[in-house]
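J.: sequence and predicted structure, then a few things I'm wondering about:
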Amino acid sequence: MDRKVIFKGRALPLLLLLPQLAVTLVFFIWPAAMAVWQSLLQQDAFGLSTEFVGLENFAEVVADPAWRGAAANTAVFASSVAMLALGVALFLAVQADKAIRGQRFYRTMLIWPYAVAPAISAVLWLFLFHPSIGLIGRALNAAGVLWDYQLNGSQAMLLVVIASAWKQVSYNFIFFLAGLQSIPKSVLEAAAIDGARPLRRFWTVVFPLLSPTTFFLLVVNLVYAFFDTFGVIHALTKGGPGKATETLIYKVYVDGVDNLNLGSSAAQSVLLMVFVIALTVVQFRFVERRVHY
Amino acid sequence: MEDALLARRALARQRWARWLAHAALGLGVLVFAFPIWITLVGSTHDAATIGRGDVPLLPGGQALENYATAWNSGGGTLRGNPAAGMLLNSAIMALLIAAGKIAISLLSAYAVVFFRFPLRMAAFWTIFITLMLPVEVRIIPTYQVIVNLDLFNSFTGLTLPLIASATATLLFRQFFLTIPDEYVEAAQLDGAGPLRFFRDILLPLSVTNIAALGVILFIYGWNQYLWPLLIINDRSMQTIVVGLAKMIGNGDSQNEWNTIMATAVLAMTPPVLVVVLMQRWFIKGLTETEK
Amino acid sequence: MLRRTLAAVAAAALAFVAPVQAQAPAAAPVEIQFWHGLPQPLGGLLEKIVSDFNASQARYKVVPTFRGSYAETMVGAVAAFRSSSAPHIVQMFEVGTGTMMAAGRAIRPVHELLASTGVNIDFADYLPPVRGYYQAADGRQMSMPFNSSTAVMFYNKDMFQRAGLDPNAPPKTWAEVEAAARKLKEAGIACPMTTSWPAWIQVEQTLAIHNQPLATQANGFRGMNAEMRLGGALMVRHMQNLVEWQRQGLFRYGGRDSAADGLFPSGECAMAFASSGLRARVMREARFQWGTAMLPYYNDVAGAPRNSIIGGASFWVMNKGPNAGETGGRSAAEWRGVAEFFRYIASPEVDAKWHQDTGYVPVRRASYELTRRAGYYAANPGADVAIESLLRGGAATDNSRGIRLGGYVEIRTIIQEEMEKAFQAGQSAQQAMQAADTRANAVLRNFERQNARAAQ
């Protein structure tokens, strides 16, 4: 872990650390502490009257059907995005691993959506699925499917899932392809000599070898779906219709910014923080275990 | 005899599998490119054609006008907010974030790896925990901090909180740990101080890592949404991603979609070019920062 | 380049002239910070009024800043107040009125400002539904009314003709609207009617026009302990009709807030209930004959129709911060400057011009008269429908004065969400309105609790 040979001095290293520490303290520790403190208060928007209420905000948030709805939406949304993005990426990576010629070309053509911001991805898909001007939206309506994501909650959910998963496929593809290429060819050849059919060979030999990558990607995709997709929802559905696409992070924003309900918003933030920390701990645990074997 | 037949069959099966793979990949590429293609097409027609719902599959002849409008004056409710200015703002934001993160991470990783001092690990862990919480989670209190510091509507307020992330520090720390002790010993024998060692030896060795990280962080910065949405409401400082989302408003079918699509193309061109042209760095940066 | 040169020349000329004109106070003008939430082109017109005011005198300089949408402006002002850097004047949409009024030390009521600075504004000349929306229960003016609109019906005369309807006799009652919609549908028109601002127009306006309460305590005017009354018979009946009409293809839900605005000028929908402020856009974009009419009503409801309520925004005067004390953190000259600016925008000439340029209603009778005498309504038939609608049925009642509920931004979203659920056929009209009541009451109780002490 540590180096043997080091430089002497005390002031210099502290000076070198100072910028990073200052930024961390001011923009991380302070706001995080403020979130915790505010989650224990009931306050009017202007901060003129403050009442300490203990854990009451948390009790209210957890009992609130709207928050539970948002939690359920988040679960559906995040798992759909992760499954779709992982599934498609794995399929394409396996194909790219087989195709020996043109691999670089395919890789280039498949990775650039990663560079597209989630909010822009929302605009692109909106333009395709808009019920009255979108190519696909109009085609669906012409084919007799009543397509209107502004009124149909499941359709709205489908649209935000597609727009969010689309750009994440690129990311997963890069990792899966790297994972596949690091599997020794001898292992595959041995399996081939055993006479296993390709599909069976994939599930019994290749997929288990990929499982560390898959697990890592699952966590990354879940975190992406939880937080980075705010732009997709904000630009596309604003959480509607009804509350059909309101996720937890979107609700934090709406309650804090639009509704000026700081106590409740802070309590929701704290709950999300706890969740992220738990997820990160699980991930590190797993990574450590992987290092051992 | 039998072996030859089997081998030929296996070969045929392989070729067949390869064809299938190419077909699947081709389809994948098409599906991925389709939204972009339609966006490009949409940016070359007039607003009335799109408003009627007659988006064709082939480009029209309005490209120059649309891009000129988007570049010079903008469209939708943001009329008067030209893409040129928003692109500049996004570029400033992305470069400041990338450069800032790399700079402060290099320094702190250097301090943690090459020195011994009290509270070294405490400092490291303080930085490390920032890795856990994305800025979105503590968005409202961070916003209040910015207002208290009077950094609202400023590039400082826009970029500084996003610099506080530990990913880059971790990466440089890992890398510095792999640098052989001989380098340090040689430098010390030459009488080089820690700062000269940093400048003359460590920085040149880190160029690859800096480039790789720079690509990732540029894209990260360029694609920020929630934070600029909250911290900037001066129209002259609007970034292009937020500006574009504001243009579509409620998804009104009578929007100036041609201008909006031209703006969308302009908004994604810089990061896409960075990824495609710097693919090697990009993949290196991605697979090494995240693992 | 040329523009910059001109500006430089103008500045040089001003520098030359100004000292001659304003000899007495050689000091720099007192700056008044003014945040507004109007995007282009309205924002530009508003800023023009401000620069006209600045040019009209040398003592005060109002500095306008666009702070994003109304909601963003509100959040910005609240955050600025908390860090003691609030602007002098902030433009706040009408749904924020309840929140602002409960804000106690954060605001300086307009009547107080005028009394302390000795500036007089004749609020008696203001249209009652406009001034009433921004008055305390005892009739004192709390904020300065400015851009105000109301809801009207736009209809496509060409489509009416095609469906065999009289293009000069728009439907007056909901029964007539329904009948017209059926004929339009038979004539092959895919969207007979739609609505913008579903909560503001189909709920708030509908209740006001029929003299029915949206909430107890005179829609909250008499106290923060008001309770929602959306589950009343009329509202459920109207909601049921909308859902039923939507199912039959007579009505099209076009989305929240102003999302449906484009459906009328594009020629998709034959009838549209929208803000009177949409008029400017319809004039610019519609390529067909069209007309304007007042909102329809149910003629079997006693006392209907009454006046509609306003939408839009007013100007609030803010103290600098929570610890600003008696002076509000401002000098006497600053307060005086704010009052002078208000006197300027209250002048009938400024108001009439704003009305004609933008499609907002004139807020004063004097400016209405001025506009009429200038022949504006004769040249622009239908431009006065909004004013007639605001004055319909005489003095406003407890139910038609407006909405004074805290946290109403959130409540309006709740209403729209529950309406969407009813349109999705997820729940009946009755369930939707009851659910909206329950959820909105929770917001009201929360607000009451948070503000009970702040208001003291």
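T.: Structure's in. What do you need?

J.: how about residue 86, nearest residue that isn't a chain neighbour?
T.: Picking chain A for this. A:Asn172 (5.6 Å; C-beta to C-beta, 6 or more residues apart in numbering or on different chains). For glycine as for every other residue, the C-beta is placed from the backbone atoms N, C-alpha and C.

J.: wrong one, chain C
T.: C:Met318 (4.3 Å).

J.: measure the one you found to C:Ser116 for me?
T.: Remark: distance between C:Met318 and C:Ser116 (C-beta to C-beta, to the nearest Å) = 15 Å.

J.: also C:Ala374?
T.: 36 Å.

J.: in the chain, which residue is most central in space?
T.: Going with chain A. A:Tyr224 (1.5 Å; C-alpha atoms, centre = their mean).

J.: sorry, should have said chain B
T.: Central residue of chain B (C-alpha atoms, centre = their mean): B:Ile219, at 0.8 Å.

J.: that one: helix or strand, and which one exactly?
T.: For B:Ile219, the element it lies in under DSSP states H and E is helix B:203-222.

J.: other SSEs contacting that helix?
T.: helix B:83-114, helix B:167-177, helix B:257-277, helix B:279-289 (3 or more C-beta pairs under 8 Å, 6 or more residues apart in numbering or on different chains; DSSP states H and E).

J.: how about the helices in the stretch 351-456 of chain C?
T.: Assigned by DSSP state H, counting those that start in this stretch, the stretch 351-456 of chain C shows helices spanning C:365-373, C:376-379, C:385-391, C:408-423, C:429-451.

J.: nope, chain A is what I meant
T.: Taking DSSP state H as the test, the helices found in chain A are A:11-24, A:30-38, A:56-63, A:65-98, A:103-111, A:118-129, A:135-142, A:153-181, A:185-193, A:198-201, A:207-223, A:230-236, A:248-253, A:262-292.

J.: what angle do the fourth one and helix A:153-181 make?
T.: Meaning helix A:65-98. For helix A:65-98 against helix A:153-181, the angle by axes from the mean of the first three to the mean of the last three C-alpha atoms, to 10 degrees is 40 degrees.

J.: quick one: helix A:65-98 to chain centroid distance?
T.: 9 Å (C-alpha atoms, centre = their mean, to the nearest Å).

J.: now do the second one
T.: Its chain's average C-alpha position is 24 Å from that of helix A:30-38, according to C-alpha atoms, centre = their mean.

J.: near chain C, which residues of chain A are found?
T.: Contact residues (C-beta under 8 Å from any C-beta of the partner chain) of chain A with chain C: A:42-49, A:51, A:66, A:132, A:150-153, A:238, A:240-243, A:254, A:257-261.

J.: low-confidence ranges, the chain, go.
T.: No chain in the question, so chain A it is. A:1-5, A:99-100, A:195-196, A:286-293 (pLDDT under 70).

J.: wrong one, chain C
T.: Applying pLDDT under 70 to chain C picks out residues C:1-26, C:40, C:453-456.

J.: write out the residues of it neighbouring chain B.
T.: So chain C meets chain B at C:39-41, C:65-68, C:72-73, C:76, C:79-80, C:82-83, C:85, C:255-259, C:261-263, C:265-266, C:285 (C-beta under 8 Å from any C-beta).

J.: and those residues, which of them are in helices?
T.: Short answer: these in helices (DSSP H) are C:72-73, C:76, C:79-80, C:82, C:285.

J.: make a PyMOL selection of whichever of those residues turn out to be buried.
T.: A single PyMOL command selects the buried members of these (16 or more other C-beta atoms under 10 Å in any protein chain shown):
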select buried, chain C and resi 72+73+76+79+80+82
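
J.: would you list the ones in helices among the residues of chain C next to chain B in TSV and tack on distance to chain A?
T.: Output for these, formatted as TSV (distance: C-beta to the nearest C-beta, whole Å):
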residue	distance to chain A
C:Glu72	8
C:Thr73	12
C:Gly76	10
C:Ala79	10
C:Ala80	10
C:Arg82	5
C:Glu285	16
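
J.: what's the closest of the ones in helices among the residues of chain C next to chain B to C:Arg108?
T.: Nearest to C:Arg108 among those: C:Ala80, at 15.2 Å, using C-beta to C-beta.

J.: on that earlier part again, pull out the buried residues from the residues of chain C next to chain B.
T.: Here, 16+ other C-beta under 10 Å leaves C:39-40, C:65-68, C:72-73, C:76, C:79-80, C:82-83, C:85, C:255-259, C:261-263, C:265-266 buried among the residues of chain C next to chain B.

J.: for stretch A:198-214, buried residues please.
T.: Using 16+ other C-beta under 10 Å as the test for burial, stretch A:198-214 gives A:201-202, A:205-206, A:210, A:212-214.

J.: returning to what we had before: list the ones among the buried ones among the residues of chain C next to chain B that fall in strands.
T.: Among those, DSSP state E puts C:65-66 in strands.

J.: and the residue lying closest to B:Ala103 once chain neighbours are set aside, how many neighbours?
T.: Closest residue to B:Ala103 apart from its sequence neighbours, by C-beta to C-beta, 6+ apart: A:Pro19 at 7.8 Å. A:Pro19: 16 surrounding residues under other C-beta atoms under 10 Å in any protein chain shown.

J.: could you do C:Ala233 as well?
T.: Neighbour count for C:Ala233, taken as other C-beta under 10 Å: 9.

J.: quick one: contacts for it?
T.: The contact partners of C:Ala233, by C-beta atoms under 8 Å, 6 or more residues apart in numbering or on different chains, come to none.

J.: distance check, it against B:Asp3.
T.: Plainly put, C:Ala233 is 89 Å away from B:Asp3 if you go by C-beta to C-beta.

J.: before we move on, what about A:Phe230?
T.: In this view, A:Phe230 and B:Asp3 are 61 Å apart by C-beta to C-beta.
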